[in-house]
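Q: Below are the sequence and a predicted model for it; my questions follow.
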Amino acid sequence: MTTGRESYDERYGSKVLAEAFRPTLPYYFRTHTPHGLVYQFSCLWCGIEDEEGNRYACMREWKTEYSMNVLVSKLDTDPNVVSSRIYKRLHMGMISFEKDDEQQRIRVSPWLGSQAFLVDIRPQHFQWREADGELELDFTALGPALKYLCPGEKEDLFYTSEFCRVTGVLQGKKVTGFGGIDHSFGSPGIGWLHSKVYRLLEKYWIVWANRYQDGSIEYGICVDGEADFNLGFIVRDGAPKISDCSIKMENFEDGFPKRAGVVLGDERWGFETTARVSKLKGFMQWANGEMNREGEERTVVERFCWLEFFG
């Protein structure tokens with residue numbers, strides 16, 4: 001599989017070494033140096049639904065000194081159109097990104113004390129305030145998180161992803177859903193946009209959580225890309241399972257992903273796009289959708305699924 005971005009050089013390395021873990025406070029902070037690598041970025045993301053059945057996609061990304069990627073979109077029910085953003089002028093620019101060891105808390109906020117947004121991070125528990133308080137969300141970890149190392153002769157990359165139950169308020173309406181927080185660390189001098197995963201390796205990244213009628217929740221990640229870059233991660237009944245993964249995507253006429261057959265180890269799943277979140281040529285793009293396991297007899301009563309891809 002090729003990404004259509006650059007030609008892959010095997011010296012970059014594409015093999016993924018993955019395991020489940022529970023992050024401690026340093027994993028969330030900019031001074032952490034796992035495997036001698038340096039901080040690149042963090043991203044808080046979620047899919048939520050209000051009491052009237054309206055669905056939303058929310059995301060804020062930040063780096064050491066600034067935050068330049070943020071959205072709160074109301075999802076359109078037509079998967080052929082890009083969903084509209086609720087807010088046009090959310091804070092982008094310099095940030096404060098500090099750790100309080102006594103309080104066991106990390107705080108991310110605009111530089112010089114503005115209250116435009118606020119992210120408070122404690123291990124397995126995050127609070128996100130956006131749009132001067134119109135969006136207030138509470139994230140609580142569902143269970144084990146994923147971490148992986150992708151080593152190579154030319155470049156290494158270390159990545160973590162943690163899944164959460166999300167509750168809160170958006171514009172006065174109660175919302176619930178699922179989401180999480182990701183962090184990336186790379187070789188010195190290489191930011192996320194310059195990294196081998198962004199430039200060369202990743203083609204599809206799908207995260208999902210399904211809550212069934214019996215009350216059980218399972219969540220996971222499936223990744224497919226160039227050479228050996230693939231990964232399956234599922235947590236079912238609290239127990240993590242790591243496997244290989246392959247994703248065979250079918251697109252809409254304009255090239256946007258429509259549906260996919262997903263193989264995770266010995267399991268087969270189906271993905272289908274239900275809403276377009278963003279479409280920016282030459283950058284990562286996002287869709288919301290559904291993930292269903294073949295042969296699953298239980299009824300899904302609540303779900304979240306986020307597809308990240310290059311197009």
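A: Yep, that arrived. Numbering: from 1, shown residues only.
Q: And for Arg22, the neighbour number?
A: 12 (other C-beta atoms under 10 Å). C-beta coordinates here come from the backbone N, C-alpha and C atoms, glycine included.
Q: so who does it touch?
A: Going by C-beta atoms under 8 Å, 6 or more residues apart in numbering, Arg22 touches Pro123, Gln124, Ala141, Pro144, Ala145.
Q: Grab the nearest non-local neighbour of the fourth one.
A: The shortest distance from Pro144 to any non-neighbouring residue, by C-beta to C-beta, 6 or more residues apart in numbering, is to Ala20 (3.9 Å).
Q: what about the one you found, which helix or strand?
A: Following DSSP states H and E, one finds Ala20 within strand 17-21.
Q: now Gln127
A: Counting by DSSP H and E, Gln127 is part of strand 125-130.
Q: so what strands line up beside that strand?
A: strand 118-122 (antiparallel), strand 135-141 (antiparallel) (DSSP bridges).
Q: and Arg89, which of these is closest to it?
A: Among the strands paired with strand 125-130, the nearest to Arg89 by C-beta to C-beta is strand 135-141 (13.9 Å).
Q: Give the next helix or strand downstream of that closest one.
A: Next element after strand 135-141 (DSSP H and E): strand 145-150.
Q: Report the contact partners of the residue nearest to Ser184 when sequence neighbours are not counted.
A: Using C-beta to C-beta, 6+ apart and skipping the chain neighbours, the partner closest in space to Ser184 is Gln40 (4.2 Å). Residues near Gln40 by C-beta under 8 Å, 6+ apart: Lys63, Ser184, Phe185, Gly186, Ile190, Gly191, Trp192, Ser195.
Q: Would you mind writing the ChimeraX command to select the buried ones in the residues you listed?
A: Of the contacts of Gln40, the buried ones can be selected in ChimeraX as follows, counting by 16 or more other C-beta atoms under 10 Å:
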select :63,184,185,186,190,192,195
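Q: Which of the contacts of Gln40 sits closest to Val207?
A: Ser184 (14.7 Å).
Q: most neighbours, which of the contacts of Arg22?
A: Ala145 (25 neighbours).
Q: Surely that one touches Cys164?
A: No. With contact defined as C-beta atoms under 8 Å, Ala145 does not count as touching Cys164 (9.6 Å).
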